[in-house]
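A.B. asks: the amino acid sequence is not available; the structure is as follows:
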């Protein structure tokens, strides 16, 4: 197993209820898992627990059989890459500089970039079609271009696990689809284990092998997309009535219907 | 157009600045006299005493104070993710100033030697220890708390300085006032040795943090995800930047503006990747202060204009022009 989560509870200081409650999950190598659930369900927290960025208050998380707390950040960054939801740039950086940061775990503190590193960065930029913008400042990019640049940084880490936190936030329909298609194409070619937090149930059901549904910090379902994404589970998790349609190869479509008003 | 290599440009500026620094001064020495003084072995004449005893140590001090302040500013700006950060933000200067003013008021500052610099160094280090302790919550260094704690500690020490000065005689007031304005005069070779002993290793260490500072500029989570040990890097960066600032304050007092503007100017001209920014900032800060100090001596005549005033007069217009041309920090 890539990641094994066993009875994990996370409580943020000052929060009234835990962000994650007694979560137990396994993530197999080479599988694309989507993590779904309403705002505040604990999706991002789960992602951070997997990467060892947050220490659980109870339970344990193992990566490749070893407790995540026993991995150094550098070892971890060679095996896992994170595309997080939002970053603010304290100072202007170019697209190439941003992507080259993905080489940090391979270079450490002192080593200068080698030809190999430059080639990996170039390939990552090529993979997301950003070679032409390599020397532009990231502040001049559109939301979609920026997201691709951050995906390229993760690819430059050459890790075999890719974790994405809402990779399609702020993207329109077309860019959203392009992002999922790109991730699928890149990860299948490289046999990556992928875990994606997303709000798009439809694209999640279409592009992932497995979905995990979270609600109020608890794992309420995990399994194949069509087994998990049924009306009653979605209604329970998101607190709104939905109509679910199976669109065959286009995945499962869940459309919210009118909010029931109590008589 | 191929752009000139920044290392070459800045090194050339630094060399020019050093020559200016050696030639400019109240005593009328020809370039030949200066060269002869630099080359002469044991001959002890007036020119040699002026060049080797006054001008060269001053040029060396300006070089390393300028370099240290600028590297310190660059590291603080990255650590605090704040373009307004500068070496004195977190209380180093006010702690050092309080200790120095206290030493002057008690009369032990006048005893000379390394007493005043060492008192100032101790004061600066005491201030950063307080700030560091306050901002360290359950093994994490919270950079927002760091800024607030620094500003508050600064204000407190500032109040203490005022209190000491109110009860001081006029003569103490004057020397304390000049100390807080910063000055590069009267820096001995011993003080220079202390300064260099801090500056060189701290700058090399800051350069080693460069890649991690790049990552930290994108936020702690991103930094951790690309393999940066965030807390270790933050603690090290804080320590290095504070030591650099404390070392400069202890020998030269408070010289404003260099540590804020030089890192920004280098970023605007040559980008923000810290592995390049740190060494370039070192050279640029050194050149800036050496040239500024030479200019101050050339203009001032018998009255010494405080170096901090000159750095502001020269630095502000330069920086404003750069900002407008490049559009934003």
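C.D. replies: Thanks, I have the structure now. Treat the numbers as computed from the prediction; the structure is a model and nothing was measured. Numbering: from 1, shown residues only, chains lettered A, B, ... in the order given.
A.B. asks: what residues does chain B have near chain A?
C.D. replies: Contacts of chain B with chain A, taken as C-beta under 8 Å from any C-beta of the partner chain, map to B:77-78, B:81-83, B:208-212, B:214-215, B:217-219, B:221-222, B:224-230, B:267, B:271-273, B:275, B:328-329. Any C-beta I mention is one placed from the backbone N, CA and C, and that applies to glycine too.
A.B. asks: just the buried members of those residues?
C.D. replies: B:77-78, B:81, B:208-212, B:214-215, B:217-219, B:221-222, B:224-228, B:230, B:267, B:271-273, B:275 (16 or more other C-beta atoms under 10 Å in any protein chain shown).
A.B. asks: show me the residues you listed that map onto strands.
C.D. replies: The members of these all map outside strands under DSSP state E.
A.B. asks: restricted to helices, list these.
C.D. replies: Among those, the members falling in helices (DSSP state H) are B:77-78, B:208, B:210-212, B:214-215, B:221-222, B:224-225, B:230, B:267, B:275.
A.B. asks: chain A: which of those residues is nearest?
C.D. replies: Using C-beta to the nearest C-beta, residue B:225 comes nearest to chain A of these, at 3.8 Å.
A.B. asks: surely that closest one and residue A:81 touch.
C.D. replies: Yes: contact criterion C-beta atoms under 8 Å: residue B:225 and residue A:81 qualify, at 6.9 Å.
A.B. asks: now do the buried residues in the lengthiest helix in chain A.
C.D. replies: Ranked by residue count, the top helix of chain A under DSSP H comes out as helix A:173-190. With burial defined by 16+ other C-beta under 10 Å, the residues of helix A:173-190 counted as buried are A:175-180, A:182-183, A:186-187.
A.B. asks: where does pLDDT dip in chain A?
C.D. replies: A:259-263 (pLDDT under 70).
A.B. asks: and it, which residues reach chain B?
C.D. replies: A:48, A:51, A:53, A:72-74, A:76-78, A:80-82, A:84, A:87-94, A:97-98, A:101-102, A:104-105, A:107-110, A:112, A:153, A:157.
A.B. asks: ok, back up a step: and the longest helix of chain A, what other elements does it pack with?
C.D. replies: helix A:143-156, strand A:161-165, strand A:193-197, helix A:201-207 (3 or more C-beta pairs under 8 Å, 6 or more residues apart in numbering or on different chains; DSSP states H and E).
A.B. asks: so what strands line up beside the third one?
C.D. replies: Sheet neighbours of strand A:193-197, with direction, are listed as strand A:32-36 (parallel), strand A:161-165 (parallel) (DSSP bridges).
A.B. asks: measure how far that strand is from the centre of its chain, please.
C.D. replies: Computed by C-alpha atoms, centre = their mean, to the nearest Å, the chain-centroid distance of strand A:193-197 equals 5 Å.
A.B. asks: how about the helices in chain A?
C.D. replies: Under DSSP H, chain A gives helices at A:43-50, A:73-79, A:95-100, A:104-107, A:115-127, A:143-156, A:173-190, A:201-207, A:225-228, A:231-238.
A.B. asks: test my guess that residue B:212 contacts residue A:109.
C.D. replies: Yes: applying C-beta under 8 Å, one finds residue B:212 in contact with residue A:109, separated by 6.9 Å.
A.B. asks: got the phi and psi for the residue of the stretch 151-300 of chain B found nearest chain A?
C.D. replies: Proximity of the stretch 151-300 of chain B to chain A (C-beta to the nearest C-beta) peaks at residue B:227, 3.2 Å away. Note on residue B:227: its backbone torsions stand at phi 100, psi 10 [degrees, to the nearest 10].
A.B. asks: go on, residue A:93?
C.D. replies: phi -130, psi 160.
A.B. asks: check contacts around it.
C.D. replies: Neighbour list for residue A:93: A:137-138, B:214, B:217, B:271-273 [criterion: C-beta atoms under 8 Å, 6 or more residues apart in numbering or on different chains].
A.B. asks: now render those residues as TSV, adding distance to residue A:218.
C.D. replies: Written out in TSV, the entries for the contacts of residue A:93 read as follows (distance: C-beta to C-beta, whole Å):
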residue	distance to residue A:218
A:137	43
A:138	37
B:214	38
B:217	36
B:271	47
B:272	43
B:273	44
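A.B. asks: in those residues, find the pair that's most separated.
C.D. replies: The largest separation in those, counting by C-beta to C-beta, is between A:137 and B:214 at 14.5 Å.
A.B. asks: got the buried residues for the helix or strand harbouring residue B:308?
C.D. replies: Here residue B:308 sits within helix B:307-326, counting by DSSP states H and E. Buried residues in helix B:307-326, counted by 16+ other C-beta under 10 Å: B:307-308, B:310-315, B:319.
A.B. asks: number of nearby residues for residue B:129?
C.D. replies: A count of nearby residues for residue B:129, using other C-beta atoms under 10 Å in any protein chain shown, gives 13.
A.B. asks: assign it to helix, strand or coil.
C.D. replies: helix (DSSP: H, G, I helix; E, B strand; the rest coil).
A.B. asks: quick check: the gap between the residue positioned nearest the centre of chain A and chain B.
C.D. replies: Centroid check for chain A by C-alpha atoms, centre = their mean gives residue A:164 as the closest residue, at 1.9 Å. Using C-beta to the nearest C-beta, to the nearest Å, we find residue A:164 at a distance of 11 Å from chain B.
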